[in-house]
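# Could you look at this predicted model? Sequence included:
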Amino acid sequence: MIRREAMTRMLAAAGMCLVMTGAAQAKSVWDVFHDRCLVPMEGVTGPDLTGLPDPRAISEEPLGLMSGMVGREYVIEGLPAILVVTDDGLTCMVIQTDSQGVDSFAAAEAWADNSRTSGRYEDIAAIQMGVRNFNLGSTEWREPRLDVFGASRDDGERPFFYVVETDLEV
């Protein structure tokens with residue numbers, strides 16, 4: 001009987017360690033963008049800001065991407081990244097603020113390829129920014145339409161992604 005209780009406690013402790021290890025693994029910048037910006041906006045709702053720390057005014061971040069934007073930014077705990085939402089709620093962006101962390105651009109490129117193949121998104125005007133980038137516009141499945149952009153300045157390092165609701169319906 002004592003052995004069974006000891007074994008049960010040991011297995012429970014091992015299970016807790018596995019759960020805690022899984023929970024402690026940081027998401028990538030792409031994962032944060034996908035889950036908090038892209039999926040909610042595809043569903044015609046605003047970005048998911050639940051559980052984020054109190055916002056601050058948009059700062060002068062290192063890439064200079066947010067010049068002139070009016071909105072709020074949130075520090076993403078566990079990642080060198082910020083999430084930015086404009087005051088009108090029509091733009092959501094996630095920016096990796098340094099070159100540390102997981103290379104999430106390959107996952108973003110895979111999403112872009114699948115989105116083109118499925119016909120949900122199509123390429124729009126190319127932007128010559130960064131080593132790797134994509135610029136996609138939603139097709140007729142969603143109105144108002146969305147533009148989704150991703151770029152990486154250093155071939156996988158310091159990626160940033162944004163989605164904006166447009167008024168470019170045909």
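Ah, there it is. Numbers count the residues shown, from 1 in each chain.
# Tell me, how many residues neighbour the residue nearest to Thr166 when sequence neighbours are not counted?
Leaving aside its sequence neighbours, Thr166 sits nearest to Arg145 (Cβ to Cβ, 6 or more residues apart in numbering; 5.0 Å). All C-beta spots, glycine's among them, are computed from the backbone N, C-alpha and C. Neighbourhood size, Arg145 [other Cβ atoms under 10 Å]: 19.
# show me where this protein has helices.
2-24, 29-33, 39-42, 105-118 (DSSP state H).
# mind listing what's buried in the last one?
Translated: helix 105-118. Buried residues in helix 105-118, defined by neighbour count with 16 or more other Cβ atoms under 10 Å: Phe105, Ala107, Ala108, Glu109, Trp111, Ala112, Ser115.
# again, but for the third one
When burial is assessed from 16+ other Cβ under 10 Å, helix 39-42 yields the following buried residues: Pro40, Met41, Glu42.
# Tell me the one of those nearest Val75?
Pro40 (19.4 Å; Cβ to Cβ).
# What residues does the closest residue to the closest one other than its chain neighbours make contact with?
Leaving aside its chain neighbours, Pro40 sits nearest to Asp48 (5.0 Å; criterion: Cβ to Cβ, 6+ apart). Under the criterion of Cβ atoms under 8 Å, 6 or more residues apart in numbering, the contact partners of Asp48 comprise Asp35, Arg36, Cys37, Val39, Pro40.
# Need the pLDDT of Asp48.
For Asp48, the model assigns a pLDDT of 96.
# In this structure Leu38 contacts Val148, no?
Yes. With contact defined as Cβ atoms under 8 Å, Leu38 reaches Val148; the gap is 6.6 Å.
# Overlap in contacts, these two.
Phe161, Val163.
# Pick out whichever of the two has more residues nearby.
Val148 (24 against 21).
# Identify the bridge partners of the more buried one.
With DSSP bridges as the criterion, Val148 is bridged to Leu136, Val163.
# how close does Val84 get to Thr117?
29 Å (Cβ to Cβ, to the nearest Å).
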